[in-house]
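Enquirer: dropping the sequence and predicted coords here.
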Amino acid sequence: MKVLWNEKIVDESEVKIDLEDRGYQFGDGIYEVIRIYDGYMYMEKEHLDRLWFSAEKIRMSLPFTREELSRRLHRLADEVGLENARVYFQVTRGTAKPRLHNFPDPKEVQPVLMADIQPAARPSAKQNIGIRAGFVEDRRWLHCDIKSISLLGNILALDEAQQKGYDEAVLVRNGNVTEASASNLWMVKEGVVYTHPDGNLVLPGIAKIKIRELTKALGIELREETFTEKELLVADECFKTSSVAEIMPIIEIDDQKIGSGMPGKVTKKILNAYIEAVNLAVQAHRDEK
């Protein structure tokens, strides 16, 4: 498989991670995942904007411009040639010796970029029937707005839910629902859509940006405010969103049906609008060629 390693496209076997790379030893790095639909990188600009936001939050100076990174990712996509896929790319702070907790001098240590592309299809079967989730205490750190490669808290939460037989974790901090293990979380009550406001307790989702646009266009009221687990259990609908999952209905939480126990009409309306928005963006990209 071909991957991006800094500015070069190489065979995966050629990549060598230094023992003292700070990403490997400290989880000192950031990442993004972009969906490719029919050869088009969807919402690429927004993903790159968030990468720069995360870099600023962790005081990392990226060794390339947005334009340079975009060109590298597109070169990789052309080389791999997958029409429907996801691009994973991450930047670690680089290798500093000896291993010390303090940040190394950025003039002496170069951040390390890598990216790979894997097939990814729309999860239509699950979108049609929904998934089951369980409440899990949100024990993660207080910088959840940074898309950090340090994901152990998220992984532990998902595993706790899966150990109980659920597909997903719904995270709760001090009684308030924050998000899912790797997705923004939404509920619908009496036609109004609710989600946790952006801030340090949740990741500012790229799909969330699109949902804001779509609900406005559809005339659906959206309130970005906190809600409790008790309020979620009596909601009419629930769903999660991410670039990979798109809009995914959640039909049960802790073995209790949400609404009718089936994907709700508002959720389906937003999902259909999201798919249409993707298709329009792909068609516009084709027309530009």
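Expert: Perfect, thanks for sending it.
Enquirer: center of the chain - which residue?
Expert: Geometric centre of the chain, nearest residue: Ser242, 5.0 Å, by Cα atoms, centre = their mean.
Enquirer: hey, what's that one bridged with?
Expert: With DSSP bridges applied, Ser242 shows beta-bridge pairing to Glu246.
Enquirer: do you know how far it is from Val33?
Expert: Ser242 is 8 Å from Val33, where distance means Cβ to Cβ, to the nearest Å. In this view, the C-beta of every residue, glycine as well, is placed from N, C-alpha and C.
Enquirer: isn't Arg35 right next to Ser243, touching?
Expert: Yes: counting by Cβ atoms under 8 Å, Arg35 touches Ser243, with 5.0 Å between them.
Enquirer: any idea which helix or strand carries the nearest residue to Asn6 once chain neighbours are set aside?
Expert: Sequence neighbours aside, Leu113 is the residue nearest to Asn6 in space, at 5.2 Å (criterion: Cβ to Cβ, 6 or more residues apart in numbering). Here Leu113, judged by DSSP states H and E, is contained in strand 112-119.
Enquirer: so which residues make contact with that strand?
Expert: Here strand 112-119 makes contact (Cβ atoms under 8 Å, 6 or more residues apart in numbering) with 1, 3-7, 12, 15, 21, 23, 36, 63-64, 69, 72-73, 76-77, 80, 82, 84-92, 94-95.
Enquirer: skip the chain neighbours and tell me the closest residue to Asn184.
Expert: Spatial nearest neighbour of Asn184, excluding adjacent residues (Cβ to Cβ, 6+ apart): Gly205 at 4.2 Å.
Enquirer: list the contacts of the one you found.
Expert: Neighbouring residues of Gly205 by Cβ under 8 Å, 6+ apart: Ser183, Asn184, Thr241, Ser242, Ser243.
Enquirer: helices along the chain, start to end?
Expert: Applying DSSP state H to the chain gives helices spanning 22-26, 44-57, 66-80, 124-129, 152-163, 206-218, 229-233, 265-288.
Enquirer: make JSON lines out of those helices and add mean pLDDT, mean neighbour count and distance to Thr178.
Expert: Converted to JSON lines, those look like this (pLDDT from 0 to 100; neighbours: other Cβ atoms under 10 Å; distance: least, Cβ to Cβ, whole Å):
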{"stretch": "helix 22-26", "mean pLDDT": "97", "mean neighbour count": "19", "distance to Thr178": "25"}
{"stretch": "helix 44-57", "mean pLDDT": "98", "mean neighbour count": "18", "distance to Thr178": "18"}
{"stretch": "helix 66-80", "mean pLDDT": "98", "mean neighbour count": "16", "distance to Thr178": "29"}
{"stretch": "helix 124-129", "mean pLDDT": "98", "mean neighbour count": "13", "distance to Thr178": "22"}
{"stretch": "helix 152-163", "mean pLDDT": "98", "mean neighbour count": "16", "distance to Thr178": "10"}
{"stretch": "helix 206-218", "mean pLDDT": "98", "mean neighbour count": "18", "distance to Thr178": "13"}
{"stretch": "helix 229-233", "mean pLDDT": "98", "mean neighbour count": "16", "distance to Thr178": "11"}
{"stretch": "helix 265-288", "mean pLDDT": "96", "mean neighbour count": "15", "distance to Thr178": "20"}
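Enquirer: okay, those helices in a markdown table with distance to Val109 next?
Expert: Compiled in a markdown table, the helices of the chain are given as follows (distance: least, Cβ to Cβ, whole Å):
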| stretch | distance to Val109 |
| --- | --- |
| helix 22-26 | 8 |
| helix 44-57 | 14 |
| helix 66-80 | 19 |
| helix 124-129 | 42 |
| helix 152-163 | 24 |
| helix 206-218 | 29 |
| helix 229-233 | 43 |
| helix 265-288 | 37 |
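Enquirer: would you mark the buried spots in stretch 175-186?
Expert: Asn176, Val177, Thr178, Glu179, Ala180, Ser181, Ala182, Ser183, Asn184, Leu185, Trp186 (16 or more other Cβ atoms under 10 Å).
Enquirer: from the chain's centroid, how far away is that stretch?
Expert: Between the centre of stretch 175-186 and the centre of its chain there are 12 Å (Cα atoms, centre = their mean, to the nearest Å).
Enquirer: CA atoms of that stretch as PDB?
Expert: Output in PDB follows, covering the C-alpha atoms of stretch 175-186 (Å, rounded to 0.1, in the frame of the first residue of the first chain):
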ATOM      1  CA  GLY A 175     -25.500  14.500  34.400                       C
ATOM      2  CA  ASN A 176     -25.200  16.200  31.000                       C
ATOM      3  CA  VAL A 177     -24.800  14.300  27.700                       C
ATOM      4  CA  THR A 178     -21.600  15.400  25.900                       C
ATOM      5  CA  GLU A 179     -21.200  13.300  22.800                       C
ATOM      6  CA  ALA A 180     -20.700   9.700  21.600                       C
ATOM      7  CA  SER A 181     -17.300   7.900  21.800                       C
ATOM      8  CA  ALA A 182     -16.100   9.500  18.500                       C
ATOM      9  CA  SER A 183     -19.100  11.500  17.200                       C
ATOM     10  CA  ASN A 184     -21.300  14.400  18.100                       C
ATOM     11  CA  LEU A 185     -24.600  13.400  19.700                       C
ATOM     12  CA  TRP A 186     -28.100  14.800  19.000                       C
END
